[in-house]
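# show me how the following folds:
(one chain, ligands or ions: 1)
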Amino acid sequence: MAGWHDFTQKFDANIFYPAHFPPPSFESVDGAGVKPEVTKVSIVTHMGTHLDAPSHFISDSKTITDIPLERLTGEAVVWHVPAVADEAITVETLESMQPQPRAGDAVIIHTGWHSRFYDESYREHPYLSTEAAEWLVAKGVHLVGMDLMSPDLPGRLRPPGYDMPAHHVLLGNDVLIIENVGDASALAGHRVELIVGAIPFTGLDGAPIRLLARAID
Ligand SMILES: [Zn+2]
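Numbering: from 1, shown residues only. Predicted coordinates for the structure are as follows:
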């Protein structure tokens, strides 16, 4: 448990991504095997383990490069929240987790869904109830990371006019979101120091991150 842990999913052409995104591509610029090796990478900002800036959903709000470093570093609590396909994570469940967050903490929710990242079943993910998102805001949490493609309802369950309430509640209250967190199980139940290494794409809505944590309790 000692030392730094990597909560980042590997990034390659086989990762899961929403059906309406173009696929990620990795193309050798000079030809494979020729030195120096140089690769052209084409990705969507919301692929892999990534940070959602408020501007992803909220007009005239913070972009990735508006987020101060203090929001990308600091203390977090890591929870193992067991959940099954399409299950809502409730306030009651979050209230039962230890340790509880202090104002200004980040929260990392590990459901175990990370292990499906290369599988179609990744789509049938648990999600945050709207009340659970509101509870996290009321606790003063400033960032919520989950090993899920979205904190909102799985796409196939969204009724017409569904407006992504978990995204709106969190980002609308300046609570950042990390999606597709990797394996955080080693630090579940611990208070940690967190580093959210977001690529500073100027003025954009999201960015891939390297998510690192080490226990401090
Ligand atoms: Zn996103």
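# what about the helices in the protein?
Using DSSP state H, the helices of the chain run over 69-72, 91-95, 130-138, 165-172.
# between those helices, which one is closest to Tyr17.
helix 165-172 (17.4 Å; C-beta to C-beta). Heads up, the C-betas are built off the backbone N, CA and C, glycines and all.
# the ion contacts on the protein?
46, 52, 179, 206 (C-beta under 5 Å from the ion).
# can you pull the contacts of the second one?
For Asp52, the contact set (C-beta atoms under 8 Å, 6 or more residues apart in numbering) comprises 46, 167, 171, 176-179, 205-206.
# just the buried ones from those residues?
46, 167, 171, 176-179, 205-206 (16 or more other C-beta atoms under 10 Å).
# okay, the helices of the chain in TSV with distance to Trp79 next?
Output for the helices of the chain, formatted as TSV (distance: least, C-beta to C-beta, whole Å):
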stretch	distance to Trp79
helix 69-72	20
helix 91-95	8
helix 130-138	11
helix 165-172	16
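# winner for burial among the ones you listed?
Across these, averaging neighbours per residue (mean count of other C-beta atoms under 10 Å) puts helix 165-172 on top, at a mean of 20.
# what's it in contact with?
52-54, 56-58, 61, 127-130, 132-134, 136-137, 144, 150-152, 175-177.
# so what's Gly145 up against?
Going by C-beta under 8 Å, 6+ apart, the list of residues near Gly145 reads 7, 76, 106-109, 177-179, 181, 211.
# next, format the buried ones among the contacts of Asp52 as JSON lines and append pLDDT.
Shown next, in JSON lines, are the buried ones among the contacts of Asp52 (pLDDT from 0 to 100):
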{"residue": "His46", "pLDDT": "97"}
{"residue": "His167", "pLDDT": "98"}
{"residue": "Leu171", "pLDDT": "98"}
{"residue": "Leu176", "pLDDT": "98"}
{"residue": "Ile177", "pLDDT": "98"}
{"residue": "Ile178", "pLDDT": "98"}
{"residue": "Glu179", "pLDDT": "98"}
{"residue": "Asp205", "pLDDT": "98"}
{"residue": "Gly206", "pLDDT": "98"}
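# quick one: which of those is nearest Leu94?
Of the buried ones among the contacts of Asp52, the one sitting nearest to Leu94 (C-beta to C-beta) turns out to be Ile177, at 15.5 Å.
# identify the residue spatially nearest to that closest one, adjacent ones excluded.
Asp52 (4.1 Å; C-beta to C-beta, 6 or more residues apart in numbering).
# all strands in the protein, in order from the N-terminus.
5-6, 25-28, 39-42, 50-52, 73-80, 88-89, 106-110, 127-128, 143-146, 176-179, 191-198, 206-215 (DSSP state E).
# gap between the fifth one and the chain center?
Per C-alpha atoms, centre = their mean, to the nearest Å, the displacement of strand 73-80 from the mean C-alpha position of its chain is 13 Å.
# ok, the last one next?
With C-alpha atoms, centre = their mean as the basis, the distance from the averaged C-alpha position of strand 206-215 to the chain average is 9 Å.
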